[in-house]
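In: 3D, please:
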Amino acid sequence: MTVEDLASGAAGHPLFSEGGELDSPLVVVRVDPAAEEAVLAAAAAKARAGSRLLVGIMPGRRTGVPSPGLQELLQSLDATIGPAGVPAMRDAAAVPRAVVPAVDPEDALQSLCAGVRANPQAAMILGQTLRASETLSVPAALDVESLAYSTLLGGPEFRRWLENRGPQKPPQPAAHDAVLIRREGDRLALTLNRPERRNAYGADVRDALVAALEVAVADPSVHHVLLDGNGPSFCAGGDLAEFGTTPDPATAHLIRTRGGAGRLMHLLAGRTEVRLHGHCVGAGIEIPALAGRVIADPGTLFRLPEVGMGLIPAAGGATSLPRRIGRWRTFYLCATGMTLDAPTALLWGLIDGIESRP
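Out: Next up, the predicted model:
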């Protein structure tokens with residue numbers, strides 16, 4: 001629909017069909033930068049009050065610096081896809097994080113629509129979570145993120161993913177420490193140490209990392225915490241063999257929020273540096289993004305696959321990534337499951353620097 005359509009309330013029809021099915025959970029808005037300011041403002045108001053996911057697409061022609069009304073609209077949508085290299089996307093301080101730059105915006109839009117179409121409930125709850133937690137404190141946002149995740153654990157999309165995955169053998173206990181801990185003067189060096197499982201963020205790695213971070217929180221003489229990982233990847237995300245094995249969603253929520261690493265990493269942000277390499281999937285970037293400084297090897301790749309599983313990021317990603325790259329690009333990364341390379345991650349602000357591993 002056009003901006004004028006959105007302003008007139010065209011996206012406000014009932015979200016559910018008579019049969020109780022979601023009706024058009026995502027609506028694409030053709031954003032016209034030349035639209036009248038009053039129309040842009042009215043469209044922004046409708047976007048903020050609406051129930052559907054609203055994704056904008058910008059024209060390919062070059063434009064000037066966005067007007068206040070256009071900036072307001074872009075910030076009110078769930079994401080907007082625009083052409084890479086347009087000066088306006090670089091010049092306006094409020095706009096860049098609200099726009100996903102793409103070489104082929106139409107192709108990028110189709111990828112986003114396909115992700116939402118495959119798992120509409122997860123995509124919608126992701127959008128709601130990102131909007132609701134945008135202005136919350138980090139601890140409160142982590143709670144909202146986890147509650148949303150727990151809701152989806154009981155949903156049909158995650159159930160379908162579990163059925164397609166099939167039965168899994170539980171991971172074998174590590175024959176060595178899951179996290180290596182070294183005290184070097186006022187520095188605490190931590191290394192994820194399950195290289196045979198690409199340092200998957202399973203219960204053993206989680207609990208060992210939490211115990212180590214608790215030491216740093218309790219000991220003010222620890223001035224610097226350095227976190228890295230052994231093996232070919234820093235962390236391949238949650239251990240898929242453990243997905244769906246918690247006793248119930250309520251217990252899972254309490255484990256994630258009070259027994260996970262996210263809150264501790266946030267508390268230690270001013271003292272923490274994370275060194276990333278290889279594949280950083282799910283928790284492998286969600287937790288590091290809460291650190292004060294994140295450095296990646298040039299070949300590092302990032303991906304958030306949870307929506308494709310009928311879930312949302314819940315190791316901290318729906319909280320940490322928006323605070324680094326904005327909720328709009330976070331939504332796009334999660335809904336598409338796309339892979340982000342290190343140079344783009346640096347350009348977007350997901351990481352703070354690129355350095356080759358020693």
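In: going forward, measure contacts and count neighbours with C-alpha atoms only.
Out: Will do.
In: any weak-confidence spans in this structure?
Out: Applying pLDDT under 70 to the chain flags residues 61-64, 85-95, 244.
In: can you pull out the strands in it?
Out: Assigned by DSSP state E, the chain shows strands spanning 26-30, 53-57, 79-83, 99-102, 179-184, 187-192, 224-229, 272-276, 279-281, 293-296, 301-303, 339-341, 353-354.
In: Name the surrounding residues that touch the shortest one.
Out: The one in question is strand 353-354. 294-298, 342-343, 346 (C-alpha atoms under 8 Å, 6 or more residues apart in numbering).
In: how much space is there between residue 150 and residue 26?
Out: Distance, residue 150 to residue 26, using C-alpha to C-alpha, to the nearest Å: 23 Å.
In: quick one on the thing from earlier: list just the nearest of the contacts of strand 353-354 to residue 44.
Out: Proximity of these to residue 44 (C-alpha to C-alpha) peaks at residue 346, which lies at 29.6 Å.
In: Can you give me every residue that contacts that closest one?
Out: Per C-alpha under 8 Å, 6+ apart, neighbours of residue 346: 352-354.
In: Same list (those residues) but as CSV, adding distance to residue 31 and neighbour count.
Out: Formatted as CSV, the contacts of residue 346 follow (distance: C-alpha to C-alpha, whole Å; neighbours: other C-alpha atoms under 10 Å):
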residue, distance to residue 31, neighbour count
352, 31, 17
353, 33, 18
354, 35, 19
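In: picking up where we left off before, save the contacts of strand 353-354 as JSON lines, and put in distance to residue 35 too.
Out: As requested, these are exported to JSON lines (distance: C-alpha to C-alpha, whole Å):
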{"residue": "294", "distance to residue 35": "40"}
{"residue": "295", "distance to residue 35": "41"}
{"residue": "296", "distance to residue 35": "41"}
{"residue": "297", "distance to residue 35": "43"}
{"residue": "298", "distance to residue 35": "42"}
{"residue": "342", "distance to residue 35": "36"}
{"residue": "343", "distance to residue 35": "34"}
{"residue": "346", "distance to residue 35": "33"}
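In: Sort out which of the residues you listed are buried, if you could.
Out: 294-298, 342-343, 346 (16 or more other C-alpha atoms under 10 Å).
In: how much space is there between the nearest residue to residue 238 once chain neighbours are set aside and residue 281?
Out: Spatial nearest neighbour of residue 238, chain neighbours left out: residue 201 (4.5 Å); criterion: C-alpha to C-alpha, 6 or more residues apart in numbering. Distance, residue 201 to residue 281, using C-alpha to C-alpha: 10 Å.
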